[in-house]
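> Pasting the sequence and the predicted coordinates here, then a few questions.
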Amino acid sequence: MSLDLDARATPRIAGGFGDRALTSAIVAALVICGLYVGREIFVPIALAVLLSFVLAPLVDILERWHSPRAASVPLVVVLAFVALFALGSLIANEVRHLAEGLPRYQQTMQQKIQSLRALTATGPLDRAADILQNLGKEINVPQGQPPSPSAATSPPSKTPGEVEPIPVQVRPPPQSALENISALITPLLHPLATVGVVIVFVVFILFQREDLRNRLIKLAGSNDLQSATAAIDDAAGRLSRLFLMQVALNTSFGVIVAIGLLVIGVPSAILWGILAAIMRFVPYVGVFIAAFFPLTLAVAVDPGWSMLLWSGALILLTELVIGQVFEPLLVGHSSGLSPVAVVASATFWTALWGPIGLVLATPLTICLVVLGRHVEHLRFLDILLGDRPALSPPELFYQRMLASDPEEAVDTAEKLLKERSLAEYYETVALKGLMLAQADLRRGRLSPDRMAEIRDSVTEVIDGLASESDDAPEGDDTKDAEAAEEAGVTADAPMPELPFVIREGLPPDWQAECPVLCVAERSDLDEAAAMLLAQILSKHGLGARAARKEETSSSGIFRLDASGVMLVCLSTLDDGSPAHTRHLVRKLRRKMPRAHILVCCWGRTNSAMTRHDLKADAVADTLGEAAAHCLSLVEQTGIPDDGVVPRVASGSADSAAAAG
């Protein structure tokens, strides 16, 4: 009966997933169709919303100067649109002057074309083209005797008495003054209507910002005010900052290009500067599109090639300086979008809304990414379009271990070690990756063979990082906390500063080759975690080795080499069975009665895993805490002052004393 129920349940689950996918696809198709069909309405609204992000800070400045909003909003809007209309009239004037001067450049272009043609006049391509042209003429000759050239070119003879037809011309009646005015105004009605709608929406948005924010929060879900508020604040802050900085940078780019082209002598330099500033809003290709027109005009104006070279160098150097120096400082290294998302969004919005969509593609996609970061059901947008890594460093570490690719894990580790110490990397990346593996093991998704492969891969990673020191990297105090949080490498607690010991200065019992023995409780994952701790202790001058999990089994513990062991670190990733851990502690106590036993319960969540319940000398939850306890325990045994570099973490000795 149960098998029949399971057989009937499986299609329902698959069908439910298929229904959800079909519903999502239908909704997405309807939204895209709505955006395309209603572009006459949505384009002005989108322009108004984005323009309000630029004007809102100016309104806030006037309000801080005790100007009422009823006066601040109209003043800012009027000034903004007056500036836009002035810019439009300047562009129209420059275009008119350019059109008037184009005939003067025709002779220069003809001379350059003739010179280029002379260079290739006797080339093999021209000879091949002449041969193909002659063959084409022969093929197109009709059958029979071809007409003579004189007959082909002579006009037809007229018969006597034939009357030549009189040509007739149909001319429309002259238009009235009203028709002339209508013909002049009709092409301007649509742009003027769009501008009017934009002005109305901008004024409305600036007046009702708080009310619109509250309504959006209500739509997003008043039950989760924190997420809705964070999403709106993030979108508003990021877009406002992005637009203001982009407007400033693009304006600077256009001014520099215009002045440079004016000095070089390119006609209509102001027009090309304005075009460069506008097209720079288009990612990646905007600058090249803007550079095409002045470079083409430079070829037409200058009989030589110097104007073309100077103009190209000016645009290229200006873009490199602004894009690679000032833009990362003012805007940041990224707008939050991946390069693929920028290109895909530009293609998508251009297909929907034309040239306006190309300019609005980046800000609209940023809004979608922000929604994906704060709304759980839209998380796929952040994964598809965002610039954050799809896998966090712990997930990437675990995935590389599953794929038996420790080389890539070592390369990633070397990059992260430029900003954090080796112990921090093991704590925040490797150990958390092993915790993910332990979660899969708890769900029954890891076989013993896969765990052995993961352990072997971790061993190769440890060997690959054997030459790395555990010193704090330079500039450690200036690490970008936000970047670290987005990368997923933040620790749950600050990593304690670990001291470095000198083996020759240690007490005789601790001068053995391996006075610390790191043992695994039961699995290969526990053994991999034990190897991480053993390497960190060795980096700090305390000899340590990791025992294989077979050496702690019921039959193998009698063959365990315990000579010279003063400290046993029991590594376990499973805190669900304190009885098993307690039993192993007892066996280790009988095997090594003089040794200090530390239970390293990585990521402990079970409150029963305490040193009293486990009959251990101390319990540690993190790699940093375990290493600090081991090193402070050595200090407590009475080593000389010159045996430890004076960089002991505050609280380490106190925790060791409390544990003892």
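Right, received. Where do you want to start?
> switch to C-alpha atoms for all contacts and neighbour counts from now on
OK.
> looking at this, residue 605 is in a strand?
No: using DSSP: H, G, I helix; E, B strand; the rest coil, the assignment for residue 605 is coil, not a strand.
> ok, it touching residue 574?
No: using CA atoms under 8 Å, residue 605 is not in contact with residue 574; the gap is 9.6 Å.
> more neighbours, those two?
Between residue 605 and residue 574, counted using other CA atoms under 10 Å, residue 574 has the larger neighbour count: 24 against 12.
> does that one count as helix, strand or coil?
Here residue 574 is recorded as coil under three-state DSSP.
> For it, give me its contacts.
Counting by CA atoms under 8 Å, 6 or more residues apart in numbering, residue 574 touches 438, 601, 602.
> ok, and the most crowded of the residues you listed?
Compared across these, residue 601 has the highest neighbour count, 26 neighbours, by other CA under 10 Å.
> Residue 589 contacts residue 595, doesn't it?
Yes: applying CA under 8 Å, one finds residue 589 in contact with residue 595, separated by 7.5 Å.
> Neighbour count: these two, which is higher?
With neighbours defined as other CA under 10 Å, residue 589 and residue 595 compare such that residue 595 has more, 20 against 17.
> Which pLDDT does the model give that one?
pLDDT, residue 595: 89.
> switch to numbering from 453
With the count now opening at 453, the last piece we talked about shows up as residue 1047.
> how far away is it from residue 969?
10 Å (CA to CA, to the nearest Å).
> Pull up the overlap in contacts between the two.
Shared contacts of residue 1047 and residue 969 (CA under 8 Å, 6+ apart): 1017, 1019, 1020.
> give me the beta-bridge partners of the second one?
Each beta-bridge partner of residue 1019 is listed here: residue 968, residue 1048, as defined by DSSP bridges.
> That one against residue 966, yeah?
No: the criterion here is CA under 8 Å, and residue 1019 misses it with residue 966 at 9.5 Å.
> And the helix or strand containing residue 529, what does it pack against?
Assigned by DSSP states H and E, residue 529 belongs to helix 521-553. Where contact means 3 or more CA pairs under 8 Å, 6 or more residues apart in numbering; DSSP states H and E, helix 521-553 is packed against helix 491-516, helix 629-659, helix 721-731.
> same for the next helix or strand after the last one, what does it pack against?
Beyond helix 721-731 on the C-terminal side, the first helix or strand identified by DSSP H and E is helix 738-753. Applying 3+ CA pairs under 8 Å, 6+ apart, one finds that helix 738-753 contacts helix 558-571, helix 721-731, helix 758-773.
> in the stretch 553-702 of the chain, which segments are predicted with low confidence?
For the stretch 553-702 of the chain, the stretches flagged by pLDDT under 70 are 558, 561, 564-616, 627-640, 672-680, 682-683, 686-691.
> same thing but at 50, please
Within the stretch 553-702 of the chain, the set of residues satisfying pLDDT under 50 comprises 600-606.
> same thing with the stretch 753-902 of the chain?
Along the stretch 753-902 of the chain, segments meeting pLDDT under 50 span 785.
> Pull out the buried residues from stretch 762-780.
For stretch 762-780, the neighbour count (16 or more other CA atoms under 10 Å) marks 762, 763, 764, 766, 767, 770, 771, 774, 775, 779 as buried.
> from those, which is closest to residue 681?
The shortest gap between residue 681 and any of the buried residues of stretch 762-780 belongs to residue 779, at 28.3 Å (CA to CA).
> which residues are contacting stretch 792-808?
Counting by CA under 8 Å, 6+ apart, 487-488, 491, 495, 735, 809-810, 812-814, 817, 836-838 sit against stretch 792-808.
> before we move on, back to that, which of the helices and strands packed on helix 738-753 is buried the deepest?
helix 721-731 (a mean of 23; mean count of other CA atoms under 10 Å).
> on that earlier part again, need the buried residues of stretch 762-780 in CSV (columns: distance to residue 951).
Formatted as CSV, those follow (distance: CA to CA, whole Å):
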residue, distance to residue 951
762, 60
763, 60
764, 58
766, 55
767, 54
770, 50
771, 49
774, 45
775, 44
779, 42
